[in-house]
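# Return a 3D structure for these sequence lines:
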Amino acid sequence: MDTNLSLSTTSPRVEHLQKRIARLKRLAKKYKRSEIIQNALLGISNIATQVTSLDDFYRRVHLHLQQLIPAENFFIASRDLKTGLTSLPFFADQQDSHPTELYPDQEISALLNSGLTGYVLRNGEPLLCDDNKFNELIASGDIKSLGSPSHQWLGVPIKNQDVVSGVLVVQSYNEANTYGDLELELMGFICHHISGVMERLEHHEQLEQAIIERTKELSQAYDKVSIEVQERVKAEKLQKTLFEIADLSASNVPQQHFYSRLHAILSQLIPAHNCFISLIDDNNMLSFPFYVSQMAAEYPASRPMQDGLTEYILRHKQPRLLSAKDIANMVTMGDIYSKSPELNKTQRMHQWIGIPLLINGDVAGALTIYSLDDEHIYQVKDLELLTFVSQHIANAIERKQAVESLKKSYELLEDKVIERTRALAELNSNLQQEIQQRRKIEDQLVHDAQHDGLTGLPNRSFLMERLSQALKHLRRHGLDQFALLFIDLDRFKLINDSFGHLEGDRFLIETALRLKSCVRENDTLARMGGDEFVILLDSISSTQDAVDVSERILQSLSMPYHLANQEFISGASIGIAFSGRNKLVTSESILRDADAAMYQAKANGKGCYVIFDDHLSAQSKEQHELEIDFKQALEQQQFDIHYVEVVDFTSGEIIAIEPQVEWQHPGQGIIEHAKMKRLAAQYQLTLNLDGYIFTHLSNQYHWLKQQYHKDVTLHLSISSQHIKNKFVLRNLKNTIKKSNIEYKHLMLFFNEKCLVQDTENHINGFDVISQLGVQIGIDGYGTGYSSLSCLSFLPIKALKLDIDISKHLLNDKQLQLVKAYQLIAQTLNFDMYATTVDTQQQVRQFLELGYVRGQGRAISKLFNEKKTP
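Numbering: from 1, shown residues only. Okay, the predicted model is just below:
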């Protein structure tokens, strides 16, 4: 009785323990698998950052994938986005051979596109296919049956910027091996890394191509210098040859050795394996005092003048360079050897040069050189060289014939050599001076590239380099500290509007001098552009040092300025950021922190300084998040494009439309066009935003012509970054060519300030664009003070006022200035457009000033009020 009771109470407990043990075993197995998956995914991530080729990446990914899922049957299909052809860069299958072996008569791309792989490529979505799904796809005609039947087939698309570039596939022939959501997620993770590796390798290839191009340019420069050196060596060799000929003619060398020595000297200048000199004697006989030939060893005998090649030269008295074809044509035409064909020994000749020799003022002989093969090709410069040398050879022969004439000729030759030497020395001196001048120019260009043209202070590029050096020093010497002061001048725009840009420049120059007096020599003072300055306080002992400098600056800048015979009080707002706040600080981040602190100082009432702290860090983080949202929205094409109409004031006719971009931000609401442009410039995405707008404009062009009229002009304001160098200019040119827009109905506007700051690149860019037939305009006009001479020779068709000008039509001087802009445009035959015309009063004002075209809320409706395509 007691025993049964004990068993009855123990049995449930044992059963409970057994269930717990089984559950623990399942959990242990699950955690073990999770650990394997985690390690394998980490391994795949490490592979993606290490590999240098896709083949190596595919092979190593396959090895890791087999640790996670049944992947003995695994392959990767890749599509070439340019050709559209599909290939198999990696294939591993335990049951089937490679498709090229199974279907040798079929092209691999068409074969893959007809099966499940092609189905995933077309749809761009993952596919987990069993027998039922497979039969369903075959029945619908979407695929063809290829290879051996499989239990399950799993394919995941490889995407690069939403474009399908390949498919990653595993398949199971064993019913015990099945795939599910986990395998689908793993495959998607691997596809993401494959896309990243492909993009990185493509970037590496582009970098290598750029290096090759640069190497080619350097090689061409080297070749040019080599040619100059070779020309100088030739000149020196020619000078040496002339001296040797002169010495030979003045020497007492016997007649039989004179011509041999002459030939040896001549051979230093030009290959002369076949050479002879012929002279006409008093009996009109042609003799050969020197003769060397690869065809015959004996001297030819003297003979009467006949119709050979030598006589041809003597008769025409002109040097000639003849090819074998030229000689054959002359024989055929009967110019030579028609009366004495037995003298014709030219059949083996490849080239022939004949130079008449002038002795005592008459043609008394000839110098002849010929070749039997193309080992050395004579050129016109060789003919010119021999013609020059032949004069000295004739002089040498003449001196041998008459001692008195020889002495006189020698003195003349010496004078010519001295003159030539002096000319070479002068040329060498000029060359040295030119090299020194070029070095000075290069040094100046380097200085100009790193300094502000107005104040002479370092610019943003120089500051960022110094800031990077300071951070590197800080990592090596952790106890050191530096501070960054971001300074924004107060009321600078008021100076420009009230006194003009010339006084504004004087204000900036004096401000730069005041700031320089407030810092040490080892500190870096830079102008970032406009009225913004930055100071890098290097190696400070405490934060109080930066505070003391800021107070000195505020005091110095608060002193009166004398502008246009008036006193003007300015001031500044200063943001301070210190290097020790964050170990992950970068040049851009600390500059952004100082900038954020400066804006807080302006918000606090200006004329003060603010130190960057955690509160401002949160604001900076918000700005950083806005940057991320902006980039993501640009990539996903979430910006809206509206169109502003440009109208003729007198007739109300719509003569042009201008695209305006807006963004419906989920947190900040609608961000308008002007702020979008500023954000793009701040995030260095100006070219991307311009490309987004241009693509949208091209896609809607035909629809726009239907909504308005076929001759409507498209005004597009783009950044001058598009013409900064030949590479981005080439991209702009290709983009225009590929668009649907008619060139003659497209007008590209560039900012006037950018034109003034970089006129040379704008001239080149305008020339390239105008050659396409695209019209060019200048917007923001009235702020950059571009010279009339500059505008007059540029291929400009229109000027568009700066958007702030219409807000300042408040007094007679401002009205007269705006009227002057119109008169300038009328004089240069430019179309002039008013902007930001928001009230009827402004319309009347512009009409009275002579403006007949413009845009703004008072005269235009946003294009999104029309029916959207």
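# contacts and neighbour counts: CA atoms only from here.
Noted.
# Strands of the stretch 351-500 of the chain, residue ranges please.
351-359, 362-371, 483-489 (DSSP state E, counting those that start in this stretch).
# low-scoring stretches of the stretch 301-450 of the chain, by residue?
401-409 (pLDDT under 70).
# where along it do the helices fall?
Here the stretch 301-450 of the chain has its helices, by DSSP state H, counting those that start in this stretch, at 309-316, 324-333, 380-401, 403-449.
# For the second one, which outside residues touch it?
Right, helix 324-333. Under the contact criterion CA atoms under 8 Å, 6 or more residues apart in numbering, helix 324-333 has outside partners 336-338, 346-347, 349-352.
# Out of the strands of the stretch 351-500 of the chain, the one nearest residue 146 is which?
Each of those has some distance to residue 146 by CA to CA; the shortest is strand 483-489, at 67.0 Å.
# What is that closest one packed up against?
In terms of contacts (3 or more CA pairs under 8 Å, 6 or more residues apart in numbering; DSSP states H and E), strand 483-489 is packed against strand 532-537, helix 543-557, strand 572-578, helix 587-603.
# Any chance of CSV for the ones you listed, columns mean pLDDT, mean neighbour count and distance to residue 646?
Formatted as CSV, those follow (pLDDT from 0 to 100; neighbours: other CA atoms under 10 Å; distance: least, CA to CA, whole Å):
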stretch, mean pLDDT, mean neighbour count, distance to residue 646
strand 532-537, 93, 22, 35
helix 543-557, 91, 18, 44
strand 572-578, 91, 28, 39
helix 587-603, 86, 21, 36
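# Same list (the ones you listed) but as TSV, adding distance to residue 107.
Formatted as TSV, the helices and strands packed on strand 483-489 follow (distance: least, CA to CA, whole Å):
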stretch	distance to residue 107
strand 532-537	64
helix 543-557	72
strand 572-578	64
helix 587-603	53
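# Select, out of those, the one closest to residue 200.
Here helix 587-603 is closest among the helices and strands packed on strand 483-489 (CA to CA), at 24.0 Å.
# Can you give the strand pairings for the helix or strand that that closest one is followed by, parallel or anti for each?
As assigned by DSSP states H and E, the chain's next helix or strand after helix 587-603 is strand 609-611. Strand pairing for strand 609-611, using DSSP bridges, gives strand 572-578 (parallel).
# The partner strand to strand 532-537, inter-axis angle?
40 degrees (axes from the mean of the first three to the mean of the last three CA atoms, to 10 degrees).
# Check the offset of strand 572-578 from the chain's centre.
Offset of strand 572-578 from its chain centre (CA atoms, centre = their mean, to the nearest Å): 36 Å.
# for stretch 708-718, same thing?
Put simply, stretch 708-718 sits 29 Å off its chain's centre (CA atoms, centre = their mean).
# And for stretch 452-467?
Using CA atoms, centre = their mean, the offset of stretch 452-467 from its chain centre is 23 Å.
# so which of the helices of the stretch 301-450 of the chain comes closest to residue 815?
helix 403-449 (37.6 Å).
# relative to helix 380-401, how tilted is the closest one?
Using the same axes, to 10 degrees: helix 403-449 against helix 380-401 is 150 degrees.
# If you count contacts, what does helix 403-449 end up packed against?
helix 181-250, helix 380-401.
# nearest to residue 446, of the ones you listed?
The nearest among the helices and strands packed on helix 403-449, by CA to CA, is helix 181-250 at 18.8 Å.
# Past the closest one, which element shows up next along the chain?
On the C-terminal side of helix 181-250, the closest following helix or strand by DSSP H and E is helix 255-267.
# can you list contacts of that next one?
241, 244-245, 248, 272, 275, 289-290, 393.
# One more: stretch 630-647?
Contacts of stretch 630-647 (CA under 8 Å, 6+ apart): 653-664, 689, 692-693, 696, 853-856, 859-864.
# Return the set of buried residues in that stretch.
Across stretch 630-647, burial judged by 16 or more other CA atoms under 10 Å covers 630-631, 634, 639, 641-647.
# So what's the gap between that stretch and the chain middle?
The answer for stretch 630-647 is 26 Å, by CA atoms, centre = their mean.
# for that stretch, what is the average pLDDT?
Across stretch 630-647, pLDDT averages out at 91.
# First residue to last residue on it, what's the distance there?
32 Å (CA to CA, to the nearest Å).
# Next, give phi and psi for the residue nearest the centre of the chain.
Computing the C-alpha centroid of the chain and ranking residues by CA atoms, centre = their mean puts residue 727 first, at 3.5 Å. Phi and psi for residue 727, reported as degrees, to the nearest 10, are phi -70, psi -50.
# ok, now how distant is it from residue 733?
In terms of CA to CA, residue 727 sits 10 Å off from residue 733.
# how far does stretch 698-715 stretch from start to finish?
Terminal residues of stretch 698-715 are spaced 12 Å apart (CA to CA).
# Burial check on the closest residue to residue 849 other than its chain neighbours, number of neighbours?
Of all residues not flanking residue 849 in the chain, residue 819 sits nearest, at 5.2 Å (CA to CA, 6 or more residues apart in numbering). Residues within reach of residue 819, counting by other CA atoms under 10 Å, total 16.
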